[in-house]
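Enquirer: Sequence and computational prediction follow.
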Amino acid sequence: MAVKPLIAGNWKMNGGGGAGIALARAIAERAPEVAGRCDLLVCPPAVALAAVAETLAGSAVAVGGQDCHGQSSGAHTGDISAPMLAEAGASFVITGHSERRGDHFEGNALVRDKSAAAHDAGLIAVICIGETAAQRDGGQVFAVLSEQIAGSLPQGTTAANTVVAYEPVWAIGTGRTPTAAEIAEAHAHIRAEIARIAAGAADLRLLYGGSVNPENAAELLSVDNVNGALIGGASLDAGSFLAIALAAS
Ligand code: 13P
């Protein structure tokens, strides 16, 4: 069975107010152009999630959070739980993004707990993994990916409740991407590792992320075992985001 690609925009700390609603509206207007070709997802900042979800209601564009806590409620100042995201209109949540792992010192065990919380709340976890430049230079890519997969994917991971995004840290926001061959070998390794621990790994969507843009999208999205993209900067413009989606098939 062919896996339908997922084209996901991670807005990061952008589009929090009226700009986010305008962006969502512009994407929704053009979403019918990619119908049947791929699924669309946008992940706005938490404060904008409910408004963006309301803007996108009835459209084919899904909404996701960018992070969640590992517990459903409690004394955790500043945090947001997976059930809260679901109630606000999310059906996905990103976990373990390298900016969370780096800026907030999140390790694999915490990412696993957050992803399990996402599953418990009925959300699809978009679990991010990827090596740093130093790890790639040190020949550790496969070892790092194996460790992140074993540590970050919770028990009960399936193709229905999880998407895994391969985002080499050195490719994020830099304009640099791995070669198609490097992505192919990383994604083949990731799928084999997931198959050791999760059911239905052949159907689990593996996204590539890191400097995806309308110019390189067709090549990156045609690599074996790439089932979509997780896009940062280029997802902040509806035209660029849709152009990337149009390159998916
Ligand atoms: P860029 O597309 O800006 O490189 O960001 C990728 C990313 O981190 C998506 O989560």
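Expert: Arrived safely, thanks for sending. Numbers count the residues shown, from 1 in each chain.

Enquirer: Going by C-alpha atoms from here, please, whenever you check contacts or count neighbours.
Expert: Noted.

Enquirer: can stretch 30-44 be found next to the ligand?
Expert: No. Using CA under 6 Å from any ligand atom, we find that stretch 30-44 stays clear of the ligand, coming within 9.4 Å at best.

Enquirer: so which helix or strand takes in residue 176?
Expert: Under the criterion DSSP states H and E, no helix or strand holds residue 176.

Enquirer: On the three-state scheme, the residue nearest to it when sequence neighbours are not counted is what?
Expert: Excluding its sequence neighbours, the residue lying closest to residue 176 (CA to CA, 6 or more residues apart in numbering) is residue 211, at 6.3 Å. Under DSSP: H, G, I helix; E, B strand; the rest coil, the three-state class of residue 211 is coil.

Enquirer: I figured residue 211 hits residue 232, correct?
Expert: Yes. With contact defined as CA atoms under 8 Å, residue 211 reaches residue 232; the gap is 7.5 Å.

Enquirer: list the residues that contact both of those two?
Expert: 172, 173 (CA atoms under 8 Å, 6 or more residues apart in numbering).

Enquirer: how about the nearest residue to residue 37 once chain neighbours are set aside, what does it touch?
Expert: Take residue 37 and drop its neighbours on the chain: the residue closest to it by CA to CA, 6+ apart is residue 249, 5.1 Å away. Residue 249 sits next to 4, 5, 37, 38 when contact means CA under 8 Å, 6+ apart.

Enquirer: where does residue 199 land on pLDDT?
Expert: Looking at residue 199, its pLDDT is 82.

Enquirer: do you know how far it is from residue 84?
Expert: From residue 199 across to residue 84, the span is 28 Å (CA to CA, to the nearest Å).
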